[in-house]
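Engineer: Just the structure for this:
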Amino acid sequence: MSDKINNVHDKFFRASMGHQSVAIDFIQHHFPKKISQALNTNSLKLLQQSFIKKDLQEHFSDLVFSCKLADKPAYLTLLIEHQSSPDKMMAFRIHQYLFGLLSNYRKQHPNKLLPAVYSLVFYHGETTPYPYSLSLQSCFDDPLNIMSEVLYQDIALVDINQLPDEVLKKQEWIGPVTSALHIHSSVAPCLQYSHALAL
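Structural biologist: Residues are numbered from 1 along each chain as shown. Next up is the predicted model:
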């Protein structure tokens, strides 16, 4: 019975949001002010395509709007939760969905930067308020808080071309390996250039 009720709610909500005036009203009341104030309402368009993958279909259906925010292309997504019981891994599922949408965009526009995407979950389960954290970091068993660096800071990178020789000499084992890689990367372009001259 609950699945039938959720299905009726889903259809009613989707049909309502298909009217631009209703969608704009929802966005203005429930989305962050910086989004609703920057939204070009004339550009708001409900896409017919769904970005829900099979492993998420039992949890959500989606409404995806293309629009312009501050004159830049963007997407606003509404994920309608089907389950009546809250999900501890909600934040992870949302990020799965967002990266799926962005991967699709990347395939269609390989030379463009990714657009901004904002997602909001429409929850109408019985348990209220929602009992679980909606932070992605809370989905990890992470006593050292490593994921706060991975998720919210720049990606860690070692540029071997920027490592001074004196620093490498102090690294007993990895130093020689890194030096060899540095030499190889420096020599390879020279060899390619010499080969081109010979031709």
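Engineer: Flag the shaky bits of this protein, pLDDT-wise.
Structural biologist: Per-residue confidence for the chain (pLDDT under 70) gives these ranges: 1-8, 163, 167-199.
Engineer: got the domain boundaries for it?
Structural biologist: In the domain annotation for the chain, the residue ranges read 2-147, 160-198 (automatic domain parsing).
Engineer: can I get these in JSON lines with mean neighbour count?
Structural biologist: For glycine as for every other residue, the C-beta is placed from the backbone atoms N, C-alpha and C. Below are the domains of the chain laid out as JSON lines (neighbours: other CB atoms under 10 Å):
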{"stretch": "domain 2-147", "mean neighbour count": "14"}
{"stretch": "domain 160-198", "mean neighbour count": "11"}
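Engineer: how about a markdown table for those domains, with distance to residue 153 added?
Structural biologist: Listed next are the domains of the chain as a markdown table, based on distance: least, CB to CB, whole Å:
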| stretch | distance to residue 153 |
| --- | --- |
| domain 2-147 | 10 |
| domain 160-198 | 19 |
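Engineer: Show me what the helix or strand where residue 37 lies is packed against.
Structural biologist: Under DSSP states H and E, the secondary-structure element containing residue 37 is helix 33-38. Packing partners of helix 33-38 (3 or more CB pairs under 8 Å, 6 or more residues apart in numbering; DSSP states H and E): helix 20-30.
Engineer: Please list the residues outside the helix it packs on that contact it.
Structural biologist: Contacts made with helix 20-30 from outside it, assessed by CB atoms under 8 Å, 6 or more residues apart in numbering, are listed as 16, 17, 35, 36, 39, 41, 44, 46, 65, 76, 78, 120.
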